[in-house]
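In: Next input, structure requested:
(one chain, ligands or ions: 1)
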Amino acid sequence: LCAPFPPQIHVEALEDPAERNASLLAGLLQPRACISPKHLYDAQGCTLYGAICQLDEYYPTRTEAAIFARHRHEIADLLPRHCQWVDLGCGDGAKAFDWLEHVAAARYVGVDIAEDWLRDTLERGAKRFPDAEFVGIVTDFTRPLSLAHVLDAVDDYTPVMFYPGSSIGNFEPDEALALLRAMRRHLGRDGRLLIGVDAPKEPARLEAAYDDALGVTAAFNRNVLRHINRTLGTDFEPAAFAHRAVFDRERSRIEMHLVALYPQTVTLGHAQRRFEAGEFIVTEHSYKYAPERFVELLSQAGFGRIDRFSDERGWFNVFLAAP
Ligand code: AVJ
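Out: Down below sits the predicted model:
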């Protein structure tokens, strides 16, 4: 097999900037202002998220890594041979590359919204695994049609869809179901979904994970304002907002807020938005699924066989789902 180098990158179905700005603006003008969590990940945001993953309080990354390490061979044995590894939201690819050491993948498909990172990730991967083909797809697969575009482009090998880190938690449950259905449709008979999902636990533990003592998550959250100031030309003052993370038990989700510290008016292009002291912007929902709830969601999405792997404390679950 002769893999092309440098790896090919397709750019698919990205939201156009005007559309993107319009939906950002619409969110900010709602009575309950919100910013989609995808805007947290500019270059600075990606770096801060990397730092979050190393915090004592932020258990998900570490817990998932331990589950992967402990069940590596067992899971690898359940995966199709000569698969293509579809790394959804690949980032630096580190989690996936640990798997490629144990799975003879014919192709790695890195999917991410950030093209610069993707190129780097693919080049590093291609050097480390010279026998595999490396392909990148720049897309926002949170948008309804993009995943279909992605997978239609590469349907010649059996896919293993890899969606770690509990990123599925950023979707509202109905959107999560739609995304799982879209994945299911592209698995064929032998494809698999390997997905990491955070579980509900004591609110204090959850809230600490999203409001750490060093203030890294607070910086990550406030950084979204700098990001949109740059892209949308707004004049948010990051220091005028406090970071807050609260667990809503009933909805089983962490909510990240930016709370106005004093009354202020922000210019949003041609519009203005007033924030009273205490008024807040919702920047993220992170849903936590009890294992039986997530199994139910997977079943609704059309998955038949579902294996689950967890840590001793039951803090985090990894599901291997097959049609
Ligand atoms: C990347 C969406 C999985 O929800 O835990 C970490 C993002 N936000 N700290 C999560 C995040 C605040 C993270 N995900």
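
In: Whichever residue of the stretch 151-300 of the chain sits closest to the ligand in helix, strand or coil?
Out: Closest to the ligand within the stretch 151-300 of the chain is Ser286: 3.4 Å, counting by CB to the nearest ligand atom. Heads up, the C-betas are built off the backbone N, CA and C, glycines and all. Assigned by DSSP: H, G, I helix; E, B strand; the rest coil, the conformation of Ser286 is strand.

In: ok, now which ones touch it?
Out: 166, 169-170, 198, 210, 253-254, 256 (CB atoms under 8 Å, 6 or more residues apart in numbering).

In: I'd like to know how far it sits from Ser167.
Out: Distance from Ser286 to Ser167, counting by CB to CB, to the nearest Å: 9 Å.

In: Can you find which helix in the chain contains the most residues?
Out: Longest helix of the chain, by residue count under DSSP state H: helix 59-77.

In: and the ligand, which of the contacts of Ser286 contact it?
Out: The subset of the contacts of Ser286 within reach of the ligand, by CB under 6 Å from any ligand atom, is 166, 169-170, 210.

In: JSON lines for the residues you listed, including pLDDT and distance to Asp77?
Out: Output for these, formatted as JSON lines (pLDDT from 0 to 100; distance: CB to CB, whole Å):
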{"residue": "Ser166", "pLDDT": "98", "distance to Asp77": "24"}
{"residue": "Gly169", "pLDDT": "98", "distance to Asp77": "28"}
{"residue": "Asn170", "pLDDT": "96", "distance to Asp77": "31"}
{"residue": "Tyr210", "pLDDT": "98", "distance to Asp77": "35"}
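
In: now those: which count as buried?
Out: In terms of neighbour count (16 or more other CB atoms under 10 Å), the buried residues within those are 166, 169-170, 210.

In: In three-state terms, label Asp92 for me.
Out: Applying three-state DSSP: Asp92 is coil.

In: Would you agree it is in contact with Trp117?
Out: Yes: contact criterion CB atoms under 8 Å: Asp92 and Trp117 qualify, at 6.9 Å.

In: Among those two, which residue is more densely surrounded?
Out: Trp117 (20 against 17; other CB atoms under 10 Å).

In: Please name the nearest non-neighbouring residue to Asp87.
Out: Ala96 (4.3 Å; CB to CB, 6 or more residues apart in numbering).

In: After the strand or helix carrying the one you found, which helix or strand is next? Please name it.
Out: For Ala96, the host element (DSSP states H and E) is helix 94-100. Using DSSP H and E, the helix or strand that follows helix 94-100 in sequence is strand 107-112.

In: how about the contacts of Ser286 in TSV, adding secondary structure and distance to Leu78?
Out: Output for these, formatted as TSV (DSSP: H, G, I helix; E, B strand; the rest coil; distance: CB to CB, whole Å):
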residue	secondary structure	distance to Leu78
Ser166	coil	21
Gly169	helix	24
Asn170	helix	27
Asp198	strand	22
Tyr210	coil	33
Arg253	strand	30
Ile254	strand	31
Met256	strand	35
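
In: Correct me if wrong: Tyr262 contacts Glu279.
Out: No: between Tyr262 and Glu279 there is no contact, the gap being 10.5 Å when judged by CB under 8 Å.

In: Compare these two (neighbour count), which wins?
Out: The neighbour count for Tyr262 versus Glu279, taken as other CB under 10 Å, is higher for Glu279 (18 against 10).

In: picking that back up, count of residues packed around the residue nearest to Asp87?
Out: 25.

In: Any regions of the stretch 1-150 of the chain where pLDDT drops low?
Out: 1-5, 12-14, 143-150 (pLDDT under 70).

In: and if we set it to 50?
Out: The stretch 1-150 of the chain contains residues with pLDDT under 50 at 1.

In: List, one by one, the residues from it near the ligand.
Out: 52, 60.

In: Spit out the contact partners of the residue of the chain most remote from its centre.
Out: The C-alpha centroid of the chain is most remote from Pro263, which lies 33.0 Å away (CA atoms, centre = their mean). The neighbours of Pro263, taking CB under 8 Å, 6+ apart as the test, are 274-277.
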